[in-house]
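Trainee: only geometry, no sequence info:
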């Protein structure tokens with residue numbers, strides 16, 4: 001997932017994998033559970049009680 005992000009959005013983010021590993025994020029599921037932060041002014045996030053993954057996404061503006 002980080003490779004796709006880098007390729008499509010931030011090609012200069014060459015140290016992204018290392019920065020995520022320093023935060024304790026080693027896989028896509030972990031990234032979705034702990035690495036993604038919702039902007040509460042746009043979206044009140046609801047997460048799965050079992051795994052912590054967001055249940056949906058807000059509509060585009």
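Mentor: Structure's in. What do you need? Remember, predicted model here, so these are calculated numbers, not experimental data.
Trainee: pLDDT-wise, which helix or strand of this structure ranks last?
Mentor: Ranking every helix and strand in the chain by mean pLDDT, DSSP states H and E puts helix 2-8 at the bottom, with a mean of 79.
Trainee: model confidence over the very next helix or strand once past it, on average?
Mentor: Counting by DSSP states H and E, the element after helix 2-8 in chain order, helix or strand, is helix 16-22. Taken as a whole, helix 16-22 has an average pLDDT of 85.
Trainee: just stretch 32-48 next, same as before
Mentor: 74.
Trainee: list the contacts for the residue nearest the centre of the chain?
Mentor: Centroid-nearest residue in the chain, with CA atoms, centre = their mean: residue 36, separated by 3.2 Å. Residues in contact with residue 36, defined by CB atoms under 8 Å, 6 or more residues apart in numbering, are residue 54. All C-beta atoms are positioned from the backbone trio N, CA, C, and that covers glycine.
Trainee: re the thing from before, show me which positions of the least confident helix or strand of the chain end up buried.
Mentor: Within helix 2-8, the residues scored as buried using 16 or more other CB atoms under 10 Å are residue 2.
Trainee: for that helix, which helices and strands make contact with it?
Mentor: helix 16-22 (3 or more CB pairs under 8 Å, 6 or more residues apart in numbering; DSSP states H and E).
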